[in-house]
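J.: after the sequence you'll find the predicted model.
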Amino acid sequence: MLKNSSTPQSECAACKKIAPPGVTLMRCSKCKISSYCSKECQKKHWCLHKLHCGKAEYSPPKLVSSLIAERSLRGFIQTAAVLAFGLDKRPPVVDRPLIAECHITIVPDINHIAGILAQMLSPSEIEGGTEGMVQVRSFDAVPEGSDLYTDSRYYNFWLKDIGEESRRLNVTAIVVDFRVNMSKQKISLTLPIPDVVVDLMRPGSDFQTMYGSLSVAGCLRGLNDNIKKDKRNQLMMRVFMSKENVDMYRRLAQISDEDLPMD
Ligand SMILES: [Zn+2]
Ligand SMILES: [Zn+2]
């Protein structure tokens with residue numbers, strides 16, 4: 001993993017020791033960016049570094065598209081959409097989009113911090129950042145009489161992205177405005193709701209008989225639990241959170257508690 005390098009950084013990424021003049025720190029052989037004074041320091045730092053080694057850090061649009069691209073997570077959001085719009089009780093809407101808002105936060109993973117502490121790292125060694133993960137806070141149907149439906153941008157976005165397919169397959173498609181960390185910036189994506197998901201939610205379906213009736217909050221809880229349990233980041237919902245992003249999250253946490261879904 002370690003390799004000598006000709007143009008090193010002068011500081012060990014883990015212990016912050018400065019290399020004495022003439023001494024070249026070793027660098028991570030994968031990204032060639034992080035420098036270390038020893039193999040031990042690299043090993044200690046890997047639990048953090050693996051999250052951004054060779055990867056771009058913390059991109060909300062990328063996280064939102066990964067969330068929708070991952071089949072199991074998408075299923076939870078589609079199920080929440082069926083419930084939020086009552087799609088099990090009405091024919092598919094195929095001539096226009098439905099619009100929903102979904103709030104996402106990226107939160108520091110408390111278990112990860114505990115893991116770091118268990119390895120007895122000092123605060124200065126972890127201050128560079130921590131592991132964060134996506135959590136979905138809310139999914140709301142925009143009421144169909146709302147002004148947003150007169151905004152032609154939604155119709156055009158839907159038409160260009162999915163309109164044709166929605167008609168052909170006779171399925172409802174929803175334009176979801178995602179907001180990450182209470183940002184004003186919306187990341188819009190279209191989400192088709194296949195019949196099989198709608199059928200699962202119909203009263204009296206096998207699913208309903210087995211699991212009882214679900215709520216939107218229940219779907220989000222299921223989704224969030226899956227992300228929490230995904231320690232190996234196979235769902236791509238875990239990111240490296242720099243100190244600046246952790247601080248931003250702390251400020252958000254103070255103002256947004258009342259927006260969290262309650263049981
Ligand atoms: Zn070191
Ligand atoms: Zn690296």
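T.: Okay, I see it. Ligands and ions are numbered 1, 2, ... in the order given.
J.: in the stretch 51-200 of the chain, what residue is nearest ligand 2?
T.: Ligand 2 sits closest to Cys53 of the stretch 51-200 of the chain, with a gap of 3.3 Å, by C-beta to the ion. For glycine as for every other residue, the C-beta is placed from the backbone atoms N, C-alpha and C.
J.: dump the residue contacts of that residue.
T.: 28, 30-31, 34 (C-beta atoms under 8 Å, 6 or more residues apart in numbering).
J.: now it: phi and psi?
T.: phi -60, psi 110 (degrees, to the nearest 10).
J.: got it, and Asp177?
T.: phi -90, psi 110.
J.: gap between it and Pro97?
T.: 11 Å (C-beta to C-beta, to the nearest Å).
J.: these two: which is more packed in?
T.: Pro97 (26 against 18; other C-beta atoms under 10 Å).
J.: touching, the more buried one and Trp158? I think so.
T.: Yes - using C-beta atoms under 8 Å, Pro97 is in contact with Trp158, at 3.5 Å.
J.: next one: the residue of the stretch 51-200 of the chain closest to ligand 2, what pLDDT does it get?
T.: Listed pLDDT for Cys53 reads 79.
J.: gap between it and Pro91?
T.: 50 Å.
J.: before we move on, what about Met237?
T.: For Met237, the distance to Pro91 - C-beta to C-beta - is 34 Å.
J.: go on, Asp230?
T.: 36 Å.
J.: who's more crowded, these two?
T.: Asp230 (17 against 8).
J.: check contacts around the more buried one.
T.: With C-beta under 8 Å, 6+ apart, Asp230 has these contacts: 237-238.
J.: give me the mean pLDDT for stretch 27-34.
T.: Computed over stretch 27-34, the average pLDDT equals 82.
J.: close to ligand 2, is that stretch?
T.: Yes - in terms of C-beta under 5 Å from the ion, part of stretch 27-34 sits within range of ligand 2, namely 28, 30-31, 34.
J.: ok, which pair from those is furthest apart?
T.: Based on C-beta to C-beta, the longest span within the residues of stretch 27-34 next to ligand 2 runs between Lys30 and Ser34 and measures 9.0 Å.
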